[in-house]
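Undergrad: just the structure for this:
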Amino acid sequence: MPKATSQRSNPPAGRRRWPAGQIVFFSLVALCVIALAVQITLSELSSGNAWGIAYGIACAVVMVAVALFGMRRRFPALASRLRVGSARGWLRLHLYGGTLFLLLMVMHSSFRLPSGALTWWLWGLSVWTVISGALGLLLQRWIPRVLASGLSTEALYERIPSLIDDLRERAEALSASCGDAIRALYAREVAPALGGPDRRWIYFVDVTGGIRSRLRAFDYLRGFLPEDERGRLEQLETLYRTKLELDAHHTLQWPLRWWLMLHIPLSLVLLVLVGVHVFTVLYY
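TA: Numbering: from 1, shown residues only. Alright, predicted model coming up:
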């Protein structure tokens, strides 16, 4: 007698389930729009009335929640031990929360430009934090794809100088065992490049185009060498190609490092100023 098997119903083809984070985010945005419509109907737009204060409180709460993502990244082992959620979930909270924070800030200020020095700083840093966060998201998604699409070498940004030092030692030892033609090519093309990381802006346009053009000298010389010398030339070319790919990594990973320096410190300043703003409102 054949065993009965249970079949799981699959969603119809073409239907896409939205992640829970997106559903919550768009629900909160819709709630903000509804609250704003009710406020316009029943009251006036003002940051000092009950509606404006409620927006400000919600804005501060969202700001704290977004800031907790930095703590989650700073102490991953502790976060894992406390089981406070996955890194991807906290990243979504950071992204959606940052956008919601900017919306609530605009609603709190009643869609008016600030008038005081503190509020101007709050406005400017809020806009900068959200825009720089969106830029960082684009860089984190775009750069790894570009590097993986055209390069065979993988490297961490911090290790690139030491990797180049190792390549230089190996290339020097290899060129010493070669003939005059290869040694001349090494002195003219390879040795200057092995001095350290070199950022070349062409890698932003074509991650492989700059490498191909700089390897043409090897292709030209290969036709004039005897068979035993061609093997050494290919080894030297591999070392040189690896160095150029490390330059591509150094060039494209560099904006990610500078983005952190431009985003995180100013975000901390914004968090402090939000605290000062809340204190002054409650105190005075």
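Undergrad: would you mind measuring the gap between the ends of stretch 206-225?
TA: End-to-end span of stretch 206-225 (Cα to Cα, to the nearest Å): 31 Å.
Undergrad: hmm, who's touching it?
TA: 146-147, 149-151, 179, 181-182, 185, 188-189, 200, 202-203, 230, 233, 236-237, 240-241, 244-245, 248, 252 (Cβ atoms under 8 Å, 6 or more residues apart in numbering). For every residue, glycine as well, the C-beta is placed using N, CA and C.
Undergrad: check stretch 46-65 too.
TA: By Cβ under 8 Å, 6+ apart, stretch 46-65 touches 35, 39, 43, 45, 93, 97, 100-101, 104-105, 107-110, 270-271, 274, 278, 281.
Undergrad: filter these down to just the buried residues.
TA: Among those, those buried by neighbour count (16 or more other Cβ atoms under 10 Å) are 39, 93, 97, 100-101, 104-105, 107-110, 270-271, 274.
Undergrad: can you report how many residues lie near V190?
TA: 24 (other Cβ atoms under 10 Å).
Undergrad: ok, it touching Y240?
TA: Yes - using Cβ atoms under 8 Å, V190 is in contact with Y240, at 5.0 Å.
Undergrad: now do the shared contacts for the two.
TA: By Cβ under 8 Å, 6+ apart, the residues touching both V190 and Y240 are A171.
Undergrad: got the domain ranges for the chain?
TA: Per automatic domain parsing, the domain ranges recorded for the chain read 20-150+263-283, 157-258.
Undergrad: tell me, which of the ones you listed is the model least confident about?
TA: The weakest mean pLDDT among the domains of the chain belongs to domain 20-150+263-283, with a mean of 82.
Undergrad: element containing R200?
TA: For R200, there is no host helix or strand (DSSP states H and E).
Undergrad: ok, residues contacting stretch 156-175?
TA: 155, 182-183, 186, 190-191, 194-197, 232, 235-236, 239-240, 242-243, 246, 249-250, 253-254, 256-257.
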